[in-house]
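Student: All I have is the shape, not the residue letters:
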């Protein structure tokens, strides 16, 4: 291993997993290696690339002995300083990372699912061995969101994070918005274009965005990573009709990951959300990601960029790798910055607020029977549950006996909304379940 | 001074200058001190605040002996680890910074004018004494633009930086755009609201934005800081009429700082610029700052936030201070990251392209005499200079005998534009000098 202060010697890197992003990392180290050396002062030497798929041509001419099929051999090599884990998934990746720690190696990963579910254990394991675990690429691709929260905003109490953290969902919603096609058509288009997986559930069901939100919330507030308590709703029920109606009220629909620090509890939720068209997030389209952070000193700051893809993600991986290399070269102890931004002893378990306690504005769309008295029945029940309406619109007639009725509420409690809608459903004056979309207005309380 | 590895002892900070931002820094250290300690692991102790104005009430209750009127006493105190220079200006600030280096102290500054003009000397002096010079707050206020260029984008060749880097100009242009008032009226409004200085030249003439651009270009391309060769044009000639016409062609006018790496030379220019309304920068309004960076791996990334003001700027100062404190606490040598992002030996003198060599799209507005043949004379001369027109519009009649004629060009060379306009001016078919505004389209070559 490179010794502290031994800055004439290359830092040796072992890359585990040579799929899309892994290939991007290898390419960047090779193609931009000279540039990195001009900045870092030392080369990053790609000693190993490990992948069980030894047949695919990655378009890279690896020197003899670099490409291997056994990742455990790489984490066992005493010469390797930094492991870059690009395998993904949970079991093998976790075992390799823990073994790398055990062998005193620093680890860079983009594995948000692993961090969201096993992050607390990994953070403890890294601290126990005094090695670094870096994960800039796990959230927001090339955007330096981890660095911004962990370093740039160090003096700020973070009040709120609002992000578009899944490019697949943003691409699909942009398609539905611009072309008026259905979710299914937009998903098929995204799959054809390579923007969605064959099995798209992790993305379109909101899980991937929630993995990322779990990481950001922990960093922002000094809380343990808590993925299980995040409220998650995907985009598969979003229709062009609701997007069109949203537009009429001055809103666009985005899959937002929202985290707010309300003092004793935090809000943590991922769901399709209406935001005003003049909110900067509403103009982040296609596969782009973006995040807005509110801190007590900075007010609001905003970042956007490519949240996925070979080279943007590789860029974040290299940033982490260089940060670790700088620690090694400058003789820094490796606990220079605590993994989750707070000193371990100060990290608390902060409860996540149940979605039932949420107080926000709502959009409802009912397929109401075209009969006298229906509107008054619906609004009467809403009133019984203290849900007060800002606007009620009957959006034009349909042929099948029901008409779309759209209502926007003042602040209402989610539990009251659920109960009221259940009662309305029991009335036999509406067809199908009502559509409910939460609204994030500028004037929201946090 | 705190010793390397001595992490139980507070890091001692000396603050020079207690004006707006200095007061913000002091407040942040006091009010958010506990938060910073939870993250850093150690307190930042404000040992001194030096200001010659000892009378103004800053709303802070300093302990005995903290507030002093002699800044040189602070940089001489062997106990002080980090100097925060918030005095501004060039002579005293420079002398204090050099003395601090001499005494082995690290320095944090927001002084962009000083860095733009004397940065190369300061960088050398810091390197000579192996101390850090940190300057995140010098560009873009709270936005971590320095950290992004110096750390997050380490693996990227930077091709282009486009920024709204002066909040005063952006406020004034936003006012003119939204209210149709004159530059003079908008400036007066900005002065009343505290968004412009009584002597507004540094801002509205584009100098402040150019100071910042000089810093960013050096960081991005590994070139020596070169303020003198930046082309600078302010906003005082921008009229509501041109903003209105810009809108009709789908553009908005912003004071942009533009830097492009074209290989052997760099472009570096600050001037009012027309950008398409769907460019994310065109929706950055009021006093907000924003920057878009294009790198070969990340594509484009975008940051926005408050570029000035007491607490946003203080946030960036504290970020720098904590970075240095982390070096001290973790035992890192202080050349962990080179001041200007590249190893000193790799920093080159890269020539800045003369504005005459610029090739871009142009907007011209002529006050043309309302006579037959005028348009053909103008366009004939433009053609003689290889300036080809995309559109020509006569924008409605005026009463004083001249009519506004607006032309948008295809790519043209600045030198040709100057020569053609000089010849047109000599024709006596136009009143006053023509208005020339450069256009930065999405399809610009870089």
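Tutor: Everything's here; your move. This structure is a prediction, so every number in the text was calculated from the model and none was measured.

Student: What ranges does the stretch 251-400 of chain A have for its helices?
Tutor: Ranges of helices within the stretch 251-400 of chain A are A:310-330, A:374-384, based on DSSP state H, counting those that start in this stretch.

Student: before we move on, what about the stretch 101-250 of chain A?
Tutor: Along the stretch 101-250 of chain A, the segments classed as helices by DSSP H, counting those that start in this stretch run A:112-128, A:145-147, A:167-179, A:183-193, A:201-204, A:207-221, A:240-248.

Student: Which of these sits closest to chain B?
Tutor: Across these, chain B has its closest neighbour in helix A:145-147 (5.7 Å, C-beta to the nearest C-beta). No exception for glycine: its C-beta is placed from N, CA and C like everyone else's.

Student: could you say what helices and strands the closest one packs with?
Tutor: The helices and strands touching helix A:145-147, judged by 3 or more C-beta pairs under 8 Å, 6 or more residues apart in numbering or on different chains; DSSP states H and E, are helix A:207-221.

Student: angle of the helix it packs on against helix A:112-128?
Tutor: Angle, helix A:207-221 to helix A:112-128, by axes from the mean of the first three to the mean of the last three C-alpha atoms, to 10 degrees: 30 degrees.

Student: Got the phi and psi for the spatially closest residue to residue A:53 that is not a sequence neighbour?
Tutor: Excluding the flanking residues, the one nearest residue A:53 by C-beta to C-beta, 6 or more residues apart in numbering or on different chains is residue A:18, at 7.5 Å. The phi/psi pair for residue A:18 (degrees, to the nearest 10) reads phi -120, psi 60.

Student: I'd say residue A:18 and residue A:52 touch.
Tutor: No - Residue A:18 is beyond contact range of residue A:52, at 9.6 Å (criterion: C-beta atoms under 8 Å).

Student: Would you mind listing the residues touching both of those two?
Tutor: Counting by C-beta atoms under 8 Å, 6 or more residues apart in numbering or on different chains, residue A:18 and residue A:52 have no contacts in common.

Student: Looking at these two, which has the bigger crowd around it?
Tutor: residue A:18 (24 against 11; other C-beta atoms under 10 Å in any protein chain shown).

Student: Next, find the distance separating that one from residue A:359.
Tutor: 48 Å (C-beta to C-beta, to the nearest Å).

Student: just residue A:55 next, same as before
Tutor: Distance from residue A:55 to residue A:359, by C-beta to C-beta: 56 Å.

Student: neighbour-wise, which of the two wins?
Tutor: Per other C-beta under 10 Å, whichever of residue A:55 and residue A:359 has more neighbours is residue A:359, with 14 against 5.

Student: is that one in a bridge, and if so with what?
Tutor: On the basis of DSSP bridges, residue A:359 is bridged to residue A:413.

Student: That one and chain B: what is the separation?
Tutor: 27 Å (C-beta to the nearest C-beta, to the nearest Å).

Student: In contact with that residue, which residues are there?
Tutor: A:411, A:412, A:413, A:414, A:445.

Student: Type out the ChimeraX command that picks the buried ones from these.
Tutor: With 16 or more other C-beta atoms under 10 Å in any protein chain shown as the burial test, the buried ones among the contacts of residue A:359 are selected in ChimeraX as follows:
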select /A:411,412,413,414
